[in-house]
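S.K.: All I have is the shape, not the residue letters:
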Ligand SMILES: [Zn+2]
């Protein structure tokens, strides 16, 4: 939890940071089941459901999940207006319609996409999930929706141990380093983006790809992760595709490294988009 306030503080001099609105239950219900939302709202999740989620229940847990989700919605609308929207939270890709898991309470990207399909004339949205863990919840939710291309690059031996089928899964070996990772972006990720021709990209810029992440099992450097972010933003800008940048995971043994790397994602976005 430390990283959220700290990233905001680190970037405060360069950004106007806005507090997101609380989304409506109607928006959230476009993805999550009424039974799950009821248990979440009233704090009646079973012990095994809380273990799966990995977080203790409190009214604040619900409030922050809703606000983080509101931030993704706000950032998506910013992106559609200006080309770039940033949420200093979000990317909670392990949440399923009927349960949370892996520190993910609500699937902010899925809720936002369903909202956009209701309110905007969009037909092709791409979720570029470069968090080290597979975006299993998002892949599950959009498994039969041809309007959403889910692309996940992740550690093939890492959590989640039961992987869902994304539109494109790129499973990588443990301890991959900068150059090999960059080659994967060039040979597999960018060609897929070119081919799908999205109208909007959600970019999950997880920094749990860094060396010494507690849950990561990759070996990227801080510079390598920033180069990754810069090349994603440059691809979007060159293609004229609006992009929504989301934090996702980051659990470095040194929390300052996590904060620096998340701040670098935003710096990279500002450098590319000016
Ligand atoms: Zn992760």
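M.R.: Noted; the coordinates are in hand. Values in this document were obtained by computation on a predicted structure and should not be read as measured data.

S.K.: Name the SS class of the closest residue to the ion within the stretch 101-250 of the chain, please.
M.R.: Residue nearest to the ion within the stretch 101-250 of the chain: residue 249 (2.8 Å; C-beta to the ion). For glycine as for every other residue, the C-beta is placed from the backbone atoms N, C-alpha and C. Taken by DSSP: H, G, I helix; E, B strand; the rest coil, the conformation at residue 249 corresponds to coil.

S.K.: give the contact list for it.
M.R.: Counting by C-beta atoms under 8 Å, 6 or more residues apart in numbering, residue 249 makes contact with 91, 103, 131, 132, 133, 206, 207, 208, 215.

S.K.: Pull the contacting residues for the fifth one.
M.R.: Spelled out, that is residue 133. Neighbours of residue 133 in contact, by C-beta under 8 Å, 6+ apart: 93, 94, 102, 154, 155, 158, 159, 160, 206, 208, 215, 249.

S.K.: So which of those residues wins on neighbours?
M.R.: residue 93 (30 neighbours; other C-beta atoms under 10 Å).

S.K.: Could you look up the SS state of it?
M.R.: Residue 93 ends up coil, using three-state DSSP.

S.K.: how about the residues of this structure near the ion?
M.R.: Residues of the chain found near the ion (C-beta under 5 Å from the ion) are 131, 133, 206, 208, 249.

S.K.: want to try TSV for those, with pLDDT and secondary structure as columns?
M.R.: Formatted as TSV, the residues of the chain next to the ion follow (pLDDT from 0 to 100; DSSP: H, G, I helix; E, B strand; the rest coil):
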residue	pLDDT	secondary structure
131	98	coil
133	98	coil
206	98	coil
208	98	coil
249	97	coil
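
S.K.: Run through the helices of the stretch 151-274 of the chain in chain order.
M.R.: 178-184, 190-196, 222-239, 255-273 (DSSP state H, counting those that start in this stretch).

S.K.: okay, now residue 163: neighbour count?
M.R.: The burial count for residue 163: 18, using other C-beta under 10 Å.

S.K.: doesn't residue 127 make contact with residue 198?
M.R.: No - using C-beta atoms under 8 Å, residue 198 is not in contact with residue 127; the gap is 9.2 Å.

S.K.: who has more neighbours, these two?
M.R.: Shown here are residue 198 and residue 127; by other C-beta under 10 Å, residue 127 has more neighbours (29 against 24).

S.K.: what about the more buried one, which SS state?
M.R.: Going by three-state DSSP: residue 127 is strand.

S.K.: That one: what's it in contact with?
M.R.: With C-beta under 8 Å, 6+ apart, residue 127 has these contacts: 109, 113, 135, 138, 142, 148, 149, 150, 151, 201, 202, 204.

S.K.: Which one (most neighbours) among the residues you listed?
M.R.: residue 135 (36 neighbours).

S.K.: That residue contacts residue 129, correct?
M.R.: Yes - using C-beta under 8 Å, residue 135 makes contact with residue 129 at a distance of 3.9 Å.

S.K.: who are the neighbours in contact with residue 196?
M.R.: 124, 126, 149.

S.K.: Quick check: the gap between it and residue 140.
M.R.: 19 Å (C-beta to C-beta, to the nearest Å).

S.K.: can you check residue 55 too?
M.R.: In terms of C-beta to C-beta, residue 55 sits 20 Å off from residue 140.

S.K.: re the thing from before, closest one of the contacts of residue 127 to residue 75?
M.R.: residue 202 (9.1 Å; C-beta to C-beta).

S.K.: pretty sure the closest one is touching residue 126, no?
M.R.: Yes - applying C-beta under 8 Å, one finds residue 202 in contact with residue 126, separated by 7.3 Å.

S.K.: Could you double-check that residue 260 sits in contact with residue 225?
M.R.: No - counting by C-beta under 8 Å, residue 260 stays clear of residue 225, with 9.7 Å between them.

S.K.: Between those two, point out the one with more neighbours.
M.R.: Legend: neighbour count by other C-beta under 10 Å for residue 260 and residue 225, higher for residue 225 (29 against 21).

S.K.: ok, now which ones touch the nearest residue to residue 169 once chain neighbours are set aside?
M.R.: Spatial nearest neighbour of residue 169, chain neighbours left out: residue 152 (5.4 Å); criterion: C-beta to C-beta, 6 or more residues apart in numbering. Listed by C-beta under 8 Å, 6+ apart, the contact set of residue 152 reads 129, 134, 135, 139, 166, 168, 169, 170.
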